[in-house]
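A.B. asks: coords below, sequence missing:
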């Protein structure tokens, strides 16, 4: 059996999340159906992250096993020919039998977009949270840094629906970087929210610990009389080892409460200590959330370590 790894981008508005459900449109279901049609095999697609309904992805990773002799590139082309346009396979490769997209993942990067302009472009509907009202953005930036570290995120996760399962779940997660960035200067109607270069550059700037809290586009400004409004948004960028269900959206909801003045940054440690999800902010809507990328161990690193010294 061959193991095919694929990297996916998708616009999640019309899907009920990643996980396959009977008679409901899901990302996993669409992939499994397309792969079955290509191979005439019963295909089980495993994903790195179970994104929720309405959540988008730039770099979701999945894998499936097959006896087909098609190359990885041929699988990419065939899948894109059968999948709906809102799902694209942007990369494909054959990997070893031990690779699993979820269990081998070392870390993930998520973005959450908060559009601050007075009018949300119709091209951004379902792709960003529109919040044009006053926010203390500096307080939000200060509060975002308080989510960094190896912490108990019980107060910032949704219930699984089972008290027994919640008690067994380990709520401790490690967040390497948590930042709020200001992103200005590009017309909203002209900038795709799934722009990989933009997402990658902003994510790398945040992870690298830069003190610059503003990300600007190199695109030339267009006539506002034509576009209607200039992009003015906050971008929450979080890099962590793993995340609890709704964790990023609960953090964003809490940061918005900080911006509204309902809580102060100094209260964030107290909310952590309470281990009570009712004490954090509301769960932010799904449309602003993007799974940007997933990091895996370098397969060459082990070989280099094993190479004998001369």
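C.D. replies: Yep, that arrived. As the structure is a prediction and not an experimental result, all values here were calculated from the model. Numbers count the residues shown, from 1 in each chain.
A.B. asks: ok, longest strand in this structure?
C.D. replies: Secondary structure assigned by DSSP state E gives strand 172-187 as the longest strand of the chain.
A.B. asks: packing partners for that strand?
C.D. replies: helix 137-144, strand 149-152, helix 196-207, strand 214-216, strand 230-240, helix 247-260 (3 or more Cβ pairs under 8 Å, 6 or more residues apart in numbering; DSSP states H and E). Glycine gets a C-beta too; all of them are placed from N, C-alpha and C.
A.B. asks: that one pairs with which strands?
C.D. replies: Paired with strand 172-187 in the same sheet, following DSSP bridges, are strand 149-152 (antiparallel), strand 214-216 (parallel), strand 230-240 (antiparallel).
A.B. asks: distance from the last one to the middle of the chain?
C.D. replies: Centroid separation for strand 230-240 versus its chain: 12 Å, with Cα atoms, centre = their mean, to the nearest Å.
A.B. asks: avg pLDDT for that strand?
C.D. replies: Mean pLDDT, taken over the full extent of strand 230-240, equals 87.
A.B. asks: now do the buried residues in it.
C.D. replies: When burial is assessed from 16 or more other Cβ atoms under 10 Å, strand 230-240 yields the following buried residues: 231-240.
A.B. asks: residues touching the helix or strand where residue 28 lies, excluding its own?
C.D. replies: Counting by DSSP states H and E, the secondary-structure element that holds residue 28 is helix 27-39. Judged by Cβ atoms under 8 Å, 6 or more residues apart in numbering, the contacts made with helix 27-39 from elsewhere in the structure are 6, 8, 10, 12, 15, 17-21, 41-45, 47, 51, 57, 60, 62, 64, 66-68, 70, 75, 78-79, 82-84, 87.
A.B. asks: now restrict the residues you listed to buried residues only.
C.D. replies: Using 16+ other Cβ under 10 Å, the buried members of the contacts of helix 27-39 are 6, 8, 10, 12, 15, 17-18, 20, 43, 45, 47, 51, 57, 60, 62, 64, 66, 68, 75, 78-79, 83, 87.
A.B. asks: just the ones of the residues you listed in helices?
C.D. replies: By the criterion of DSSP state H, membership of those in helices covers 75, 78-79.
A.B. asks: which residues sit against stretch 142-153?
C.D. replies: The set of residues external to stretch 142-153 that reach it, using Cβ under 8 Å, 6+ apart, is 156, 171-180, 236, 238, 244, 247, 251, 254-255, 258, 265, 268-269, 272, 275.
A.B. asks: any stretches of the stretch 151-300 of the chain with poor pLDDT?
C.D. replies: Within the stretch 151-300 of the chain, the set of residues satisfying pLDDT under 70 comprises 160-168, 184-231, 300.
A.B. asks: one more pass at 50, please.
C.D. replies: Counting by pLDDT under 50, the stretch 151-300 of the chain contains low-confidence ranges at 185-231.
A.B. asks: what's around residue 37, how many residues?
C.D. replies: Residue crowding around residue 37 was assessed by other Cβ atoms under 10 Å; the count is 13.
A.B. asks: that one and residue 79, how far apart?
C.D. replies: In this structure, residue 37 and residue 79 are separated by 10 Å, where distance is defined by Cβ to Cβ, to the nearest Å.
A.B. asks: how about residue 11?
C.D. replies: Taking Cβ to Cβ as the measure, residue 11 and residue 79 are separated by 16 Å.
A.B. asks: follow-up on the earlier one: buried members of the contacts of stretch 142-153 into PyMOL, please.
C.D. replies: Only the buried members of those enter the following PyMOL selection, criterion being 16+ other Cβ under 10 Å:
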select buried, resi 156+171+173+175+177+178+179+180+236+238+244+247+251+254+255+258+265+268+272
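A.B. asks: next, the buried residues of the helix holding residue 28.
C.D. replies: Along helix 27-39, these residues count as buried under the neighbour rule (16+ other Cβ under 10 Å): 27-32, 34-36, 38-39.
A.B. asks: list just the nearest of the residues you listed to residue 292.
C.D. replies: Within these, proximity to residue 292 (Cβ to Cβ) peaks at residue 27, which comes in at 15.9 Å.
A.B. asks: with residue 92 as the reference, measure out to that closest one.
C.D. replies: Residue 27 is 16 Å from residue 92, where distance means Cβ to Cβ.
A.B. asks: part of a helix, is residue 284?
C.D. replies: No. Counting by DSSP: H, G, I helix; E, B strand; the rest coil, residue 284 is not found in a helix; it is coil.
A.B. asks: just give me the neighbour total for the residue nearest to it when sequence neighbours are not counted.
C.D. replies: The shortest distance from residue 284 to any residue that is not its chain neighbour, by Cβ to Cβ, 6 or more residues apart in numbering, is 4.0 Å, and that residue is residue 252. The burial count assigned to residue 252 is 29, neighbours taken as other Cβ under 10 Å.
A.B. asks: residue 252 contacts residue 286, doesn't it?
C.D. replies: No. Proximity of residue 252 to residue 286 does not meet the contact threshold set by Cβ atoms under 8 Å, at 10.6 Å.
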